[in-house]
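Chemist: Pasted the sequence and its predicted model underneath.
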Amino acid sequence: MEHESDRVLEGKILHEESYPRLQEREVLIDNAFKMDHIDGKYVREVKMSSKMQESDHLQMLFYLYQLELRGVQKRGLISYTKEKKTVEVILDNDERAKVKRAIAQAYRVIEQAKPPVVKKLPYCKSCAYFGFCYVREADEYAT
Ligand code: SF4
């Protein structure tokens with residue numbers, strides 16, 4: 001899991017050094033999920049690069065949807081430090097349907113007797129969950 005630890009550490013340093021105005025960092029909701037920052041109107045996430053923009057978007061939709069279920073309406077902002085850009089995420093009807101489908105799909109995977117076969121994706125090497133998907137190959141990729 002060294003690869004994963006490195007990614008997590010890299011993320012922590014990124015949060016320490018980037019966007020210092022975000023004083024209140026890492027908000028834990030119901031002991032279930034953790035967001036980088038939440039303020040008056042926005043949930044904010046800081047990412048190194050936009051390589052995984054689609055999954056970042058879905059992650060933000062998940063946060064917004066979970067907050068909405070708890071009676072809290074927010075918008076999302078994802079800041080990409082490498083590209084120095086910030087994108088806004090709004091939970092409208094289409095996006096709500098999208099995140100509900102993704103959650104249902106995740107439950108279908110969880111309920112399977114065996115995990116699905118791993119698909120090697122170009123960004124797997126940059127993923128914090130690499131160690132879970134490639135447990136036997138982690139050493140090969142680490143070099
Ligand atoms: S390492 Fe696993 S979780 Fe990460 S992108 Fe690849 S398949 Fe998905």
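Modeler: On my side now, so go ahead.

Chemist: Dihedrals phi and psi, residue 28?
Modeler: phi -100, psi 130 (degrees, to the nearest 10).

Chemist: got the buried residues for stretch 80-99?
Modeler: Buried residues in stretch 80-99, defined by neighbour count with 16 or more other C-beta atoms under 10 Å: 80, 81, 89, 91, 95, 98, 99. Yep, even glycine has a C-beta here, placed from its N, CA and C like the rest.

Chemist: try stretch 116-130
Modeler: Buried residues in stretch 116-130, counted by 16+ other C-beta under 10 Å: 127, 130.

Chemist: Using CSV, list the CA coordinates for that stretch.
Modeler: Extracted in CSV, the C-alpha atoms of stretch 116-130 (Å, rounded to 0.1, in the frame of the first residue of the first chain):
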residue,chain,number,x,y,z
PRO,A,116,-15.4,-7.9,-11.1
VAL,A,117,-12.3,-8.4,-13.3
VAL,A,118,-10.0,-5.4,-13.1
LYS,A,119,-9.9,-3.2,-16.3
LYS,A,120,-6.5,-1.6,-16.7
LEU,A,121,-7.2,2.1,-17.2
PRO,A,122,-4.6,4.7,-18.2
TYR,A,123,-5.0,6.6,-15.0
CYS,A,124,-4.9,3.6,-12.6
LYS,A,125,-1.3,4.4,-11.7
SER,A,126,-2.4,7.8,-10.4
CYS,A,127,-5.3,6.5,-8.4
ALA,A,128,-5.4,6.4,-4.6
TYR,A,129,-7.1,3.0,-4.7
PHE,A,130,-4.4,1.4,-6.9
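
Chemist: Now do that stretch: distance to the chain's middle.
Modeler: Distance, stretch centre to chain centre, for stretch 116-130: 14 Å (C-alpha atoms, centre = their mean, to the nearest Å).

Chemist: Thanks a lot, catch you later.
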